[in-house]
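# next input, structure requested:
(chains A, B, C and D)
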Number of protein chains: 2
Amino acid sequence: MATLKDIGAELGLSVATVSRALNGFPEVNIKTRDKVREAAERLGYRPNRVAQRLVTGRSGMVGMIIKIRADMSADQTFFEMLTGLTAALAARDVDLVLAVDQDDDPVLPYRKLMERDILDGFILNAPVPDDPRVVFLQEKRIPFVMHGQTGPDADYACYGIDNAGVSEDAVKLLTSLGHKRIALLNGQSRYAYAVDRRSGFLNAMTAQGLNVPQAFLCSDAETEMQGYTHALAMLSGQNGPRPTAFICASTLIAAGVMQAAKDRGLQVPGDVSVIAHDDALPLMRAVNFEPALTVTRAPLRDACVPLANLLIDHVAGAPAEQKMDRAELIVRASTGPVPNEETDPWP
Amino acid sequence: MATLKDIGAELGLSVATVSRALNGFPEVNIKTRDKVREAAERLGYRPNRVAQRLVTGRSGMVGMIIKIRADMSADQTFFEMLTGLTAALAARDVDLVLAVDQDDDPVLPYRKLMERDILDGFILNAPVPDDPRVVFLQEKRIPFVMHGQTGPDADYACYGIDNAGVSEDAVKLLTSLGHKRIALLNGQSRYAYAVDRRSGFLNAMTAQGLNVPQAFLCSDAETEMQGYTHALAMLSGQNGPRPTAFICASTLIAAGVMQAAKDRGLQVPGDVSVIAHDDALPLMRAVNFEPALTVTRAPLRDACVPLANLLIDHVAGAPAEQKMDRAELIVRASTGPVPNEETDPWP
DNA sequence: TTAAAAATTCAAAACGTTTTAATTCTAGGT
DNA sequence: ACCTAGAATTAAAACGTTTTGAATTTTTAA
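Modelled structure (predicted):
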């Protein structure tokens, strides 16, 4: 394996010049730079990462800790993130080291991995309000980036979508179609994103002058089953009037809702409208629904590049940046005007 | 962060002695060794891995490539392995770098990751006969260890269980209970383990002087569904006599078989015996079956330490070792004597 | 008491890179 | 021809460890 020294010897140059030439420093003559690059190419030079890391003081590795849940849907999102993140990190010469969280203490695996002293920082996901991991990492001054955020006004690096906005867009679409009795099938309430979706939903409804009974709100694991059972209960009409529209936390939930409507003999979107948030996971594609699903769409995969860059820059000394994107509203066939006989909000 | 130099300065020793003392070299005076260790402890010394790696020429990282399948059961085994491997590797100061295989070419991700020039070796799993990855890595002289093996007489580092023996044990148990019509619900035939299970099964049956009709053999993805549908077909008796016992590639398949028996109004083990191979995954526990499942048991988790050690030693220069363990036969309540009226093999 | 042997310790090189400070070279102005 | 500014290059230090070969100290044997 060729080294800087080899290239220097080949061309009669010092390693310093060779190093600078390859790194594109301005003070090196353009002709020597080209010569060096040609020689590097010819000799098959590839920088020794370990040596680079020794001198720069950074390891070029970031960690991610996976929280394993019995719920399989989590695995899906994990693989999606893993795929995107390894690619995005590799593009900047950073590697991803994985560890598994099997403990009760959410902070322990971070501490353990940090003690091994090889990581430049962490990528966190699935934030909860007042996340203890954030407290720990900030206190220890360990760089990290969060996918999503624990709450408004985060003072750490994070990237995510506007979850309140997700609900807001959904409510606006549905109310513009005349819906007044709208239910929210939310994700687990311990997660920050579910909290944001809920408050965004309630605020948007209030802004429209609409009431939301407790029976129209539920929080549960993002499974087809939860969509099915909760929707079935709401559509039974036993706890008061039935909703005319559902906002679902995920396409998986929406699948359950559609099944529930079908089993009740209701048409989508004729009798019931359904809108979901879509992470664009490969397995549960919203376009393949029958009818095609109206969604707020924010591919999980798209978060990977910003996350990787945010973290790498932060590790390199850039200030912690907060970025937030708005999900895209895609109106398909699962939403329609409110049925005529249901225009009265609470008959 | 304290370095060897700091400790040396503290005690008036050279870095060489300090290094040797901490690494337990025999030529260092036991009193100085203790002094050094005490000082290291007191100053909170932790070796700089990057520096170690620079001088030893090894990166201390091994790679693993995940092949993502739509079949969710694979994720389960993956997480199980990931958990065990990260722990086993960490115990020897090695980190696991993950990448995802999304391509058709099974070799490409290995080549890509190797080009990044940071890995000491690979951990491979799910071998197929004449695995192209093995050919590639051997040709490039890249160290690796295989979980399982591509065939008999592997000439590379590998660890796994005796899959022919798994079938053999199952056949022996069932024939000792009087069963003669035994079916094998195998995993996908492209995998080496399934090939071994099949040949072990056929050999053991032949050794007992028993015939196996084609209808009693099937190979498919390891899902509850495949267990259910194949068992149901066999138990219908439309393709000849019904099997009195099933050997299942996994507990997931066994779950399907039990359901099929139930739906046909058959008792387990009164009418049909069921035995499965058990990877000891947390979600589908054989003891919790009703009746509790008889299994050949080899926890996937147990493979992690041998795999990690085999690879690390091999990277350090030890010859590639092949190890194979025998699965444990655990007789529970799902196997019993053949029903009286079925003692005739082919009525 | 002394030479040889054994046990410790040390200085220095090595790993391959980046970066600082110093040096050489070139061109421009007098 | 001489000085100077700027451009281009270099030598050397640094990162923190391991390891080689030499040097020192201690122990053993004569």
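
# buried ones in stretch A:182-192?
In terms of neighbour count (16 or more other CB atoms under 10 Å in any protein chain shown), stretch A:182-192 has its buried residues at A:Ile182, A:Ala183, A:Leu184, A:Leu185, A:Asn186, A:Gly187, A:Gln188, A:Ser189, A:Tyr191, A:Ala192. Backbone N, C-alpha and C define where each C-beta goes, glycine included.

# cool, and stretch A:132-151?
Neighbour-count burial for stretch A:132-151 flags A:133-134, A:136-137, A:142-150 (criterion: 16+ other CB under 10 Å).

# and A:Phe25, how many neighbours does it have?
For A:Phe25, the neighbour count with other CB atoms under 10 Å in any protein chain shown is 12.

# and the longest helix along chain A, anywhere near chain B?
Longest helix in chain A, counting residues (DSSP state H): helix A:73-90. Yes: on the criterion CB under 8 Å from any CB of the partner chain, helix A:73-90 is in touch with chain B at A:Asp75, A:Phe79, A:Leu82, A:Thr83, A:Thr86, A:Ala90.

# and A:Met146, which of the three is it?
Following DSSP: H, G, I helix; E, B strand; the rest coil, A:Met146 is assigned to strand.

# once you drop chain neighbours, what's closest to it?
Among residues not flanking A:Met146 along the chain, A:Cys158 sits closest, at 4.0 Å (CB to CB, 6 or more residues apart in numbering or on different chains).

# now, the buried residues of stretch A:182-192 that are in helices?
A:Ala192.

# buried ones in stretch A:286-302?
Neighbour count says stretch A:286-302 has A:Ala286, A:Phe289, A:Pro291, A:Leu293, A:Thr294, A:Val295, A:Thr296, A:Arg297, A:Ala298, A:Leu300, A:Arg301, A:Asp302 buried, by 16+ other CB under 10 Å.

# circling back: among the buried residues of stretch A:182-192, which are located in strands?
A:Ile182, A:Ala183, A:Leu184, A:Leu185, A:Asn186 (DSSP state E).

# need the max-distance pair from the buried residues of stretch A:132-151.
Farthest pair in the buried residues of stretch A:132-151 (CB to CB) is A:Ile142 and A:Gly148. Separation: 18.6 Å.

# what helix or strand is A:Pro127 on?
Under DSSP states H and E, no helix or strand contains A:Pro127.

# ok so, going back, rebuild the ones in strands among the buried residues of stretch A:182-192 as JSON lines, extending it with pLDDT and distance to A:Gly44.
As requested, these are exported to JSON lines (pLDDT from 0 to 100; distance: CB to CB, whole Å):
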{"residue": "A:Ile182", "pLDDT": "97", "distance to A:Gly44": "62"}
{"residue": "A:Ala183", "pLDDT": "98", "distance to A:Gly44": "62"}
{"residue": "A:Leu184", "pLDDT": "98", "distance to A:Gly44": "58"}
{"residue": "A:Leu185", "pLDDT": "98", "distance to A:Gly44": "57"}
{"residue": "A:Asn186", "pLDDT": "98", "distance to A:Gly44": "55"}
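
# which strands and helices sit next to the helix or strand hosting A:Thr206?
Assessed by DSSP H and E, A:Thr206 sits inside helix A:192-207. Contacts defined by 3 or more CB pairs under 8 Å, 6 or more residues apart in numbering or on different chains; DSSP states H and E place helix A:192-207 against helix A:163-176, strand A:182-186, strand A:217-219.

# mind doing that once more with 6 Å?
Counting contacts by 3 or more CB pairs under 6 Å, 6 or more residues apart in numbering or on different chains; DSSP states H and E, helix A:192-207 packs against helix A:163-176, strand A:182-186.

# check contacts around the residue nearest the centre of chain A.
The residue lying closest to the centre of chain A (CA atoms, centre = their mean) is A:Leu300, at 4.8 Å. For A:Leu300, the contacting residues are A:Glu80, A:Asp279, by CB atoms under 6 Å, 6 or more residues apart in numbering or on different chains.

# so how far is B:Ala21 from it?
50 Å (CB to CB, to the nearest Å).

# equivalent analysis for A:His230, please.
As judged by CB to CB, A:His230 and B:Ala21 stand 64 Å apart.

# perfect, that will be all.
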